[in-house]
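**Q** Dropping the sequence and predicted coords here.
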Amino acid sequence: MSGLRFVLLMALAACPALARPATEAVALPAEVVPFVEADSIPIALEKADLDRDGRADWLLVLEYGKPRIDPRDRFEEEGPRALLLLRRGADGRLVMAARNDRVVYCRGCGGMMGDPFQGLAAAAGRFTVTNAGGSRYRWSRAFSFAWSRRDSAWQLVQVEDGSLDIHDPQQREKRSVRRPPKDYGKIDFRAYVPEQ
């Protein structure tokens, strides 16, 4: 019986979608709720003055998919994720100022490590999205964007990649940082598509 148990545990470990717990929807303030689209659930929320105008704005991550019959499960099929930038106007109301459907990786895009989305970090005028995953070869990628007053847009200011082979004890984690204008031209948040 112990041989069968070992085989079942190995099969479960090889299929992270079965082993991984469902990400729960985050609680939202009432003013953010109208931005949650049909067939989506909010999975991350951060508050900061993203455009440096003295008013609090929001970053909202939504995950899309075909709902399961059992509402305690998330989705039957993995869908895309969208990052919405909700900007507060002079009248105090929020509007969706920008959206990107590529910077937050899908739930199954992390390989054996499971869900690659590690979270958001936000501060005045800037924010970072971090994804990580892999198996033996671990990887991480953080995308940082900052507000440009001149262009009235959030623009890519840095991509930081990390990698590590966990079975090579002599190897240290490799890091690379790319920044515009040397490594990129001017890229707005809305148009940015990470290379895979």
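**A** Nice, I can see it.

**Q** residues in contact with residue 141?
**A** By CB atoms under 8 Å, 6 or more residues apart in numbering, the residues touching residue 141 are 130-132, 159-162, 194. The C-beta positions use only the backbone N, C-alpha and C, and glycine is treated the same way.

**Q** how far away is it from residue 95?
**A** When distance is defined by CB to CB, to the nearest Å, residue 141 is 29 Å away from residue 95.

**Q** same question, residue 127
**A** Residue 127 sits 17 Å away from residue 95, going by CB to CB.

**Q** can you check residue 145 too?
**A** Going from residue 145 to residue 95 by CB to CB gives 18 Å.

**Q** higher neighbour count, those two?
**A** Using other CB atoms under 10 Å, the more surrounded residue of residue 145 and residue 95 is residue 145, with 27 against 12.

**Q** and the more buried one, what element?
**A** Residue 145 is located in strand 137-148, with elements delineated by DSSP states H and E.

**Q** could you pull out the strands for this structure?
**A** Secondary structure of the chain, counting by DSSP state E: strands at 40-48, 57-67, 75-88, 94-100, 117-123, 126-134, 137-148, 153-165, 174-178.

**Q** quick one: average pLDDT of stretch 152-163?
**A** Stretch 152-163 comes out with an average pLDDT of 95.

**Q** Also stretch 170-188?
**A** Averaging pLDDT along stretch 170-188 yields 89.

**Q** Just checking the distance from it to the centre of its chain.
**A** The chain centre lies 18 Å from the centre of stretch 170-188; the measure is CA atoms, centre = their mean, to the nearest Å.

**Q** Could you list the residues in contact with it?
**A** Contact with stretch 170-188 is made by 98, 151, 153-165, as judged by CB under 8 Å, 6+ apart.

**Q** And that stretch, what's buried?
**A** residue 187 (16 or more other CB atoms under 10 Å).
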